[in-house]
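> mind folding the following:
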Amino acid sequence: MMKHWKVLAAASLIALAMNTSFADGVKSGAPSGWQLWGPLGDKYEMGIDPAESTPEHPALLIASKDTPTNETVSLMQQVDASEWEGSVIEFSMMAKAVGAEKNRVWLRHLKNQALMAGEKVGRSQLMEYSRSIPDGKGWERITLSSYFPKDAEPGQKHFDIGFSLASKGKIWIRDIKLERKPYVATPKAVELPTYRSGLPAYPARNLNFTE
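Residues are numbered from 1 along each chain as shown. Reported below is the predicted structural model:
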C-alpha cells in the first residue's frame, strides 16, 4: 500500500514546507510526532481546522487542492509495541469525510516471523487492518484492532498507525485513542460441511422461505 509513497520530511520539518493556501483561520502544518508521506504542498494541504475544533478537541483537516490527483498523502506513526505484546491493539478516532472517494484509516504490523534488518516486507508478511471513512455521513467513530504477537522477534516490536487521502475531497480526524486490550482466545471454529467440486449447481432460490 505504501511502496510508492515518498518521504518528504520528518514531522519536525514538515511545517517549513507547508503550503499556506488554506482559508484564513486554519492553522497549517502537520501535528508534532507524526510523519508525513506523499505530495503535500502541491496537491494536498493539512492543518488544524478551528471550524471543526474545540480547545479540548482539535480537529485535523487533510484536503486536496484543485489539481486532480490519485497520489496518496498519509500521516502516520511507528509505535513501540513493547507494551502491547500478547495483547490487542485498539486504534480508534472520530472522523468524517466530504467528497473524499478514496481514503483509509489503517493499522498494521508484522506477523511473528524472522526477518533480516532492513529487509523489504511484502503484504503477505503483514497483519493489516483498514477501513474507509464514510463520505458525507458526518462525524463517526472508526475503530481498528489487532492482536500483537507475544515474544516478537527483535526489530519487529513496533506497529504502524495512520490515515490517508488519495483523491479529491477532505477528511477530518480528532480524538485519536490507542489502547491496550486483553487478548481473549476465540472458541474452536464451527466445523462446516465439506466443500465438494463437480456437484450440480442451480440459481439461488426460496431465499425468503416462502415456498
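
> let me know the pLDDT of the residue of the chain positioned farthest from its centre.
Here the centre of the chain is the reference, and by C-alpha atoms, centre = their mean the most remote residue is residue 211, at 45.9 Å. pLDDT, residue 211: 85.

> just residue 66 next, same as before
So residue 66 comes in at 80 (pLDDT).

> check the offset of stretch 57-64 from the chain's centre.
15 Å (C-alpha atoms, centre = their mean, to the nearest Å).

> what does stretch 53-61 give?
19 Å.

> now that stretch - C-alpha only, PDB.
These are the backbone C-alpha positions of stretch 53-61, laid out as PDB (Å, rounded to 0.1, in the frame of the first residue of the first chain):
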ATOM      1  CA  SER A  53     -12.400  22.100  16.700                       C
ATOM      2  CA  THR A  54     -12.800  23.000  20.300                       C
ATOM      3  CA  PRO A  55      -9.800  23.700  22.700                       C
ATOM      4  CA  GLU A  56     -10.100  20.200  24.100                       C
ATOM      5  CA  HIS A  57     -10.700  18.500  20.800                       C
ATOM      6  CA  PRO A  58      -8.600  19.900  17.900                       C
ATOM      7  CA  ALA A  59      -9.600  18.500  14.500                       C
ATOM      8  CA  LEU A  60      -7.000  17.900  11.800                       C
ATOM      9  CA  LEU A  61      -8.100  18.600   8.200                       C
END
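
> what does the average pLDDT come to for it?
94.

> name the residues that touch that stretch?
26, 31, 46-49, 52, 75, 170-175 (C-beta atoms under 8 Å, 6 or more residues apart in numbering). C-beta coordinates here come from the backbone N, C-alpha and C atoms, glycine included.

> list the buried residues of it.
53, 58, 59, 60, 61 (16 or more other C-beta atoms under 10 Å).

> name the helix or strand for the last one, please.
Read it as residue 61. strand 60-64 (DSSP states H and E).

> tell me the strands beside that strand, with direction?
strand 44-48 (antiparallel), strand 170-181 (antiparallel) (DSSP bridges).

> strand partners of whichever strand or helix holds residue 77, parallel vs antiparallel please.
For residue 77, the enclosing helix or strand under DSSP H and E is strand 73-80. Taking DSSP bridges as the criterion, strand 73-80 pairs within the sheet with strand 35-37 (antiparallel), strand 158-165 (antiparallel).

> which of the strands paired with strand 60-64 comes out lowest on mean pLDDT?
When I compare these, strand 44-48 is least confident, with a mean of 92.

> how far does that strand sit from its chain's centre?
17 Å.

> before we move on, back to that, and the contacts of stretch 53-61, which of them are buried?
26, 31, 46-49, 52, 75, 170-174.

> just put the residues you listed in TSV and tack on distance to residue 204.
Listed next are the buried ones among the contacts of stretch 53-61 as TSV, based on distance: C-beta to C-beta, whole Å:
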residue	distance to residue 204
26	52
31	50
46	47
47	51
48	51
49	48
52	45
75	44
170	41
171	38
172	41
173	41
174	44
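
> which one of these is nearest residue 155?
residue 75 (24.0 Å; C-beta to C-beta).

> and the residue lying closest to that closest one once chain neighbours are set aside, how many neighbours?
Excluding the flanking residues, the one nearest residue 75 by C-beta to C-beta, 6 or more residues apart in numbering is residue 34, at 4.9 Å. Residues lying near residue 34 (other C-beta atoms under 10 Å) number 18.
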